[in-house]
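Undergrad: pasting a predicted model and its sequence here:
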Amino acid sequence: MTTDADPEPPPGGTGIEAVRVDLFAPTASFRDPMFPGLTRCLPVPPPSSLRGMLAAATGADTEPVSLGYSARAAGTGVDAETYHPIAADGANPAAGGRVRAIKGGTTLKERPFLTHVTVTLWIPEPDGTRIAAALRRPVWGLRLGRSQDLVFVRSITPVLLQPADAAVVGHAVAPPGGHAARTAITVRLADNVAVDRLTTDYGDYLWCAEPAGRLPVRGALRDGDRAVWLHPTPNRRLRQ
């Protein structure tokens, strides 16, 4: 849930064992739910999309794990996609994934997408090792956003995250108050989506389209000189 409170500081002292996962997707598209009826694309994947991808890897209904991540895209594009809306009253049912070509039936819309998307995940133990094994032999195909947006696992590396007062922010996704980069924007992202898609938890995050340099950070860890903020799942049971 979104609050105005400062992010909680990480535990001091010894650091946190984690797994770093580097991902690449040739294309990806994350529809902004704040603009219903429009196909505006978010600049970064929401935590819900990443946790959904991890659930596809493990075969579980959900993977409500804490994770940190950074993300960037090299470019953007626009697809022309055909939509087949189903009438709420059942008057025009779908057959084979299509509806009859009547008024209000098949619709062509533009769908913005990102290109050459790179995502780095940090998953703390004990979940890190378990999920890393699943990513090597996933139960289902790994995708980000649309069904055609396949994801490739470039590397999986065990790391030790250390508490940090200053670090390179780059394209890390941070909580509000995590840093004071002048180029940062606030993006509202879905944290979790219920299995019936009737309930969604949202949160506000900081992200920089242009990589931010070394800055004072709050509530952060570091992997080498890279800032990492771990985002826990909201304390709410969304899936039964």
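TA: Yep, it's here.
Undergrad: which neighbouring elements make contact with the helix or strand containing residue 164?
TA: Residue 164 is part of strand 152-170 when elements are defined by DSSP states H and E. Helices and strands touching strand 152-170, by 3 or more CB pairs under 8 Å, 6 or more residues apart in numbering; DSSP states H and E, are strand 16-28, strand 107-124, helix 127-136, strand 212-223, strand 226-228. In short, each C-beta sits where N, CA and C put it, glycine included.
Undergrad: at 6 Å instead, please
TA: strand 16-28, strand 212-223, strand 226-228 (3 or more CB pairs under 6 Å, 6 or more residues apart in numbering; DSSP states H and E).
Undergrad: dump these to a markdown table, plus distance to residue 56, mean neighbour count and mean pLDDT.
TA: Below are these laid out as a markdown table (distance: least, CB to CB, whole Å; neighbours: other CB atoms under 10 Å; pLDDT from 0 to 100):
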| stretch | distance to residue 56 | mean neighbour count | mean pLDDT |
| --- | --- | --- | --- |
| strand 16-28 | 13 | 20 | 96 |
| strand 212-223 | 25 | 19 | 97 |
| strand 226-228 | 23 | 25 | 98 |
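Undergrad: returning to that earlier point: residues in contact with the strand holding residue 164?
TA: By CB atoms under 6 Å, 6 or more residues apart in numbering, the surrounding residues in contact with strand 152-170 are 10, 12, 15-22, 24, 70, 132, 135, 179, 181, 211-212, 214-217, 220-223, 225-228.
Undergrad: what's the next secondary structure element after it?
TA: Sequence-wise, the next helix or strand downstream of strand 152-170 (DSSP H and E) is strand 184-193.
Undergrad: that following strand pairs with which strands?
TA: Here strand 184-193 is paired, per DSSP bridges, with strand 200-208 (antiparallel).
Undergrad: between the partner strand and strand 152-170, how big is the angle?
TA: Interaxial angle of strand 200-208 relative to strand 152-170 (axes from the mean of the first three to the mean of the last three CA atoms, to 10 degrees): 60 degrees.
Undergrad: strand 200-208 versus strand 212-223: what angle between them?
TA: Interaxial angle, strand 200-208 versus strand 212-223 (the same axes, to 10 degrees): 130 degrees.
Undergrad: now do the buried residues in strand 200-208.
TA: Buried residues in strand 200-208, counting neighbours by 16 or more other CB atoms under 10 Å, are found at 201, 202, 203, 205, 206, 207, 208.
Undergrad: average pLDDT across that strand?
TA: For strand 200-208, mean pLDDT is 93.
Undergrad: using CSV, write out every CA atom in it.
TA: Extracted C-alpha coordinates of strand 200-208, given in CSV (Å, rounded to 0.1, in the frame of the first residue of the first chain):
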residue,chain,number,x,y,z
THR,A,200,-5.2,-4.9,-7.3
ASP,A,201,-2.7,-3.3,-4.9
TYR,A,202,-0.8,-0.2,-6.2
GLY,A,203,2.2,1.6,-5.1
ASP,A,204,4.2,4.8,-6.0
TYR,A,205,7.8,4.4,-7.1
LEU,A,206,10.7,6.5,-8.3
TRP,A,207,12.4,5.8,-11.6
CYS,A,208,14.9,7.6,-13.8
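Undergrad: ok, and what's touching that strand?
TA: Under the contact criterion CB under 6 Å, 6+ apart, strand 200-208 has outside partners 2, 44, 173-174, 176, 178, 181, 183-184, 186-193, 234.
Undergrad: weed out the non-buried ones from those.
TA: 44, 173-174, 176, 178, 181, 184, 187, 189-193, 234.
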